[in-house]
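J.: Sequence first, then the predicted structure:
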Amino acid sequence: PFKEVARLLAAGRISGLPVVDEDDKVIGVVSETDLVIRQSEALDADESKRRFPFAELTPRARRQAARSRAFTAGQLMTEPPVTVHAEETIAQAARIMAQRQVERLPVLDEEDRLVGIVTRRDLLGVFLRPDAEIRDEVMEEVLIRALRLAPSTIDVFVVEGVVTLTGRLERRSQAEIAVSMTRQIDGVVAVIDQLTYCVDDPQPPFDERSRRGI
């Protein structure tokens, strides 16, 4: 109901709610803006009906009247919903928000069921990660796990989210992978590439890198 939606928004101190069906599939989003518009259109509809008895004959007036009579989340919501899958990166989520001009994204699992919600504030919080935490992830995920290199092979410096990679690698492809993967780490603002290499080899095929977990 309308009042339950308003209560949930106020109690949770949030500005929007995903609306789901009986299978936890997201079918829309209802926001504070939707509630405000509903109340505004209700007042406008009453005033229009009083002053212009035949106003509801126009398509726009009929849509406005229908929205002003909305009593449930399903009637109030904006649809279709703009969503993101859980495995998509922070950068992808930010890009979707910017392109679609939305404040929040319902997060879906592999079966398109709701598992959470990410907001612009959540994304901004990523860039507050400590530099030491970012450096540790670069060392562990990029150098050790992906490239299988000794931690001393590359020097990693992080200042205000800007990562500088310095060192000499055996192959050009390793350097390119190191820079590419570092850019995708949460909280990284930019990557300064100061890597050199001995052999100018071609980039390995995509399927080979995927098989190796790179």
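T.: Yep, it's here.
J.: Tell me where the model's unsure across this structure.
T.: The chain contains residues with pLDDT under 70 at 39-68, 70, 202-214.
J.: Give me the distance between the residue nearest the centre of it and residue 85.
T.: Computing the C-alpha centroid of the chain and ranking residues by CA atoms, centre = their mean puts residue 93 first, at 2.6 Å. Distance, residue 93 to residue 85, using CB to CB, to the nearest Å: 9 Å. (C-beta placed from N, C-alpha, C; glycine too.)
J.: chain center to whatever helix or strand residue 198 lives in: distance?
T.: Element membership for residue 198, per DSSP states H and E: strand 190-199. The chain centroid and the centroid of strand 190-199 are separated by 30 Å under CA atoms, centre = their mean, to the nearest Å.
J.: That strand: partners in the sheet, and parallel or antiparallel?
T.: Take DSSP bridges as the rule and strand 190-199 pairs in its sheet with strand 162-171 (parallel).
J.: Show me which positions of the strand it pairs with end up buried.
T.: Within strand 162-171, the residues that count as buried by 16 or more other CB atoms under 10 Å are 163-165, 167, 169, 171.
J.: Alpha carbons only: can I get the strand holding residue 198 in CSV?
T.: C-alpha atoms of strand 190-199 as CSV (Å, rounded to 0.1, in the frame of the first residue of the first chain):
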residue,chain,number,x,y,z
ALA,A,190,44.2,5.9,-12.3
VAL,A,191,47.2,3.7,-13.2
ILE,A,192,50.6,5.1,-14.1
ASP,A,193,52.4,2.5,-16.2
GLN,A,194,56.2,2.6,-15.8
LEU,A,195,56.7,-1.1,-16.6
THR,A,196,59.3,-2.3,-19.1
TYR,A,197,59.7,-5.7,-20.7
CYS,A,198,62.3,-7.9,-22.4
VAL,A,199,60.2,-9.6,-25.1
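J.: In it, which residues are buried?
T.: Within strand 190-199, the residues that count as buried by 16+ other CB under 10 Å are 191, 195, 197.
J.: How is the residue nearest to the centre of the chain assigned, secondary-structure-wise?
T.: Per DSSP: H, G, I helix; E, B strand; the rest coil, the secondary structure class of residue 93 is helix.
J.: before we move on, what about residue 179?
T.: helix.
J.: so what's it closest to, chain neighbours aside?
T.: Excluding its sequence neighbours, the residue lying closest to residue 179 (CB to CB, 6 or more residues apart in numbering) is residue 193, at 4.9 Å.
J.: quick one: that neighbour and residue 165 touch, right?
T.: Yes. Counting by CB atoms under 8 Å, residue 193 touches residue 165, with 6.0 Å between them.
J.: At which residues are the strands of the protein located?
T.: 16-20, 26-31, 84-85, 104-108, 114-119, 154-159, 162-171, 190-199 (DSSP state E).
J.: for these, which one sits closest to residue 7?
T.: Evaluated with CB to CB, these place strand 16-20 nearest to residue 7, the distance being 10.9 Å.
J.: which secondary structure elements does that closest one contact?
T.: Other helices and strands packing on strand 16-20, by 3 or more CB pairs under 8 Å, 6 or more residues apart in numbering; DSSP states H and E, are helix 2-12, strand 26-31, helix 73-76, strand 114-119.
J.: any idea how far the shortest one is from the chain center?
T.: Put plainly, it is helix 73-76. 24 Å.
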